[in-house]
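Visitor: okay, predicted coordinates and the sequence, questions at the end:
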Amino acid sequence: MVNYQSQELLSFDEISKNTFGISVTNNSVNSDLGTLNKENIFSASRPIYGFKYERVLNNHISFLYNVSWGKLSSNSSNENFESSIIQSSIENVFYFKNIPTRNDKLSPYFSLGIGGLRFNSYTDKLDKNGFYYNYWDDGSIRDISQEDTISNIYLSRDYEYETKLKNDSINYSNYSLIIPASAGIVWNCNNLFNVKLFLTFNQLLSDWLDNISEGKNDHYFTLGFSINLFFSKERMKFKKEKKEYLNIFHLDDSDFDGVLDHNDRCQKTPKEVNVLENGCPFDSDFDGFYDYEDLEPYSESMLYVDELGRSIKNITLQKSNIVFDTIVVKKVQNFIK
């Protein structure tokens with residue numbers, strides 16, 4: 001009769017304390033050029049990409065570091081701009097429920113932080129042939145102003161932002177503090193990674209993003225998602241221990257030598273080779289060479305063996321330069337490739 005002992009399977013439900021992720025968002029700008037509307041939504045939308053690192057502090061609060069880059073743009077009836085941005089921020093994230101584990105996959109959250117933004121703004125004033133845009137009251141764009149009566153040419157915008165924006169009377173900074181506030185929901189996948197869907201309001205402490213200042217600071221919204229991978233030394237250690245733990249209960253014998261893998265000290269022993277209880281082949285003469293590879297498996301009255309396991313009998317001390325108390329190290333064969 002064979003007795004089996006039952007034991008609770010190892011588990012690891014603790015959330016990893018570190019996550020690294022990437023994000024993709026789309027944005028809309030509210031500036032002095034106006035707000036986003038259905039007429040300019042496609043010409044104003046721009047992507048922003050980001051890299052995130054999050055460190056869990058407790059079951060509800062984490063610390064988030066975010067770096068993002070991309071473009072902001074706005075287009076009104078006769079003015080426009082596009083700005084390349086780089087943003088960096090630190091944020092505190094609060095989860096309404098416990099930071100999700102296997103048993104609690106979804107959790108809403110909000111975050112608030114502070115950071116810095118660098119912008120570099122340009123405007124589209126010229127068409128592809130170098131003609132300046134002149135916006136007429138009838139909605140057309142022509143190569144001369146509306147007051148001129150001479151013949152004119154109709155133009156179309158090429159949406160190439162070629163002219164750098166600057167103010168000749170005010171030398172403003174292209175850097176600004178920024179306050180990001182986000183709300184979203186996180187979905188956790190087996191403590192391997194999570195996905196976040198979020199909406200972020202970004203308040204600048206500058207009104208010069210579009211090169212126009214009317215006394216109210218600019219801001220923009222981002223809507224997007226991020227994929228975040230968990231990283232934990234404890235988890236890596238757990239996976240290793242779990243693999244070793246489960247291997248005990250697997251009745252695997254990879255080299256078919258009659259010794260189960262978890263008891264086999266010499267894995268991948270060649271087929272049809274006799275082995276001991278520990279899974280290692282016989283070495284009848286204890287010369288460091290297993291019998292199946294020893295050309296003289298029963299060497300007798302020998303002090304030394306050659307590389308094929310044969311005894312070296314007629315050897316003199318003068319030739320060998322070896323004294324009698326010399327220890328000859330046995331060959332150790334490692335079967336684990």
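Guide: Now that the structure is in, tell me what you want to look at.
Visitor: strands along the chain, start to end?
Guide: For the chain, the strands defined by DSSP state E occupy 18-30, 47-56, 61-75, 80-95, 106-123, 134-135, 141-142, 163-164, 175-189, 193-204, 219-231, 304-305, 311-312.
Visitor: for Leu155, which of the ones you listed is the nearest?
Guide: Checking the strands of the chain against Leu155 by Cβ to Cβ gives strand 141-142 as the closest, at 4.5 Å. Where you see a C-beta, it was placed from the backbone N, CA and C, and this is true even at glycine.
Visitor: for that closest one, packing partners?
Guide: Applying 3 or more Cβ pairs under 8 Å, 6 or more residues apart in numbering; DSSP states H and E, one finds that strand 141-142 contacts strand 134-135.
Visitor: for the protein, which residues score under the pLDDT cut-off?
Guide: 1-15, 34-43, 99-104, 190-191, 232-251, 262, 287, 295, 299-337 (pLDDT under 70).
Visitor: sorry, back to before: so for Phe256, which of the strands of the chain sits nearest?
Guide: Among the strands of the chain, if distance is taken as Cβ to Cβ, the winner is strand 304-305, at 29.5 Å.
Visitor: contact partners for the nearest residue to Ile114 once chain neighbours are set aside?
Guide: Closest residue to Ile114 apart from its sequence neighbours, by Cβ to Cβ, 6 or more residues apart in numbering: Ile179 at 5.7 Å. Ile179 makes contact with 112-115, 202-203, 205 under the criterion Cβ atoms under 8 Å, 6 or more residues apart in numbering.
Visitor: now those: which count as buried?
Guide: 113, 115, 202 (16 or more other Cβ atoms under 10 Å).
Visitor: tell me who's in contact with Gly224.
Guide: 23-26, 48, 197-198.
Visitor: who does Phe198 bridge with?
Guide: Gly184, Gly224 (DSSP bridges).
Visitor: any idea how many residues pack against Phe198?
Guide: When neighbours are counted by other Cβ atoms under 10 Å, Phe198 registers 19.
Visitor: so it sits against Phe225, correct?
Guide: Yes - counting by Cβ atoms under 8 Å, Phe198 touches Phe225, with 7.3 Å between them.
Visitor: is Asn26 bridged to anything, and to what?
Guide: Beta-bridge partners of Asn26, as defined by DSSP bridges: Pro47, Leu223.
Visitor: give me the distance between Tyr109 and Phe231.
Guide: Applying Cβ to Cβ, to the nearest Å, the value for Tyr109 to Phe231 is 20 Å.
Visitor: comparing the two, which shows the higher neighbour count?
Guide: Counted by other Cβ under 10 Å, Tyr109 and Phe231 do not tie: Tyr109 has more neighbours, with 20 against 13.
Visitor: list the contacts for that one?
Guide: With contacts defined as Cβ under 8 Å, 6+ apart, Tyr109 is in contact with 93-96, 183-186.
Visitor: stretch 280-292: which residues count as buried?
Guide: 280-281, 283, 285, 287, 289-290.
Visitor: what's the answer for stretch 157-173, then?
Guide: Counting neighbours by 16+ other Cβ under 10 Å, one finds that the buried residues in stretch 157-173 are 161, 165.
Visitor: do the same with stretch 65-78
Guide: 66, 68, 70-76.
Visitor: cool, stretch 129-149 as well?
Guide: Residues 133-135, 141-143 are the ones in stretch 129-149 that count as buried (16+ other Cβ under 10 Å).
Visitor: mind putting the residues you listed in TSV, distance to Glu82 included?
Guide: Shown next, in TSV, are these (distance: Cβ to Cβ, whole Å):
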residue	distance to Glu82
Tyr133	15
Asn134	20
Tyr135	18
Ile141	18
Arg142	23
Asp143	23
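Visitor: just the closest of the residues you listed to Glu54, please.
Guide: The closest of these to Glu54 turns out to be Tyr133 (Cβ to Cβ; 45.3 Å).
Visitor: so who does the residue lying closest to the closest one once chain neighbours are set aside touch?
Guide: Residue nearest to Tyr133 in three dimensions, not counting chain neighbours: Ile141, with 5.1 Å by Cβ to Cβ, 6+ apart. Contacts for Ile141 (Cβ under 8 Å, 6+ apart) come out as 133-135, 154-157.
Visitor: just Glu79 next, same as before
Guide: Contacts of Glu79 by Cβ under 8 Å, 6+ apart are 33, 123, 210, 212.
Visitor: show me which of these are buried.
Guide: Among the contacts of Glu79, those buried by neighbour count (16+ other Cβ under 10 Å) are 33, 123, 210.
Visitor: what's the ChimeraX line that selects buried ones from the contacts of Tyr109?
Guide: With 16+ other Cβ under 10 Å as the burial test, the buried ones among the contacts of Tyr109 are selected in ChimeraX as follows:
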select :93,95,184,186
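Visitor: report the two of the contacts of Tyr109 separated the most.
Guide: Taking Cβ to Cβ, no two of the contacts of Tyr109 sit farther apart than Phe94 and Ile185, at 13.0 Å.
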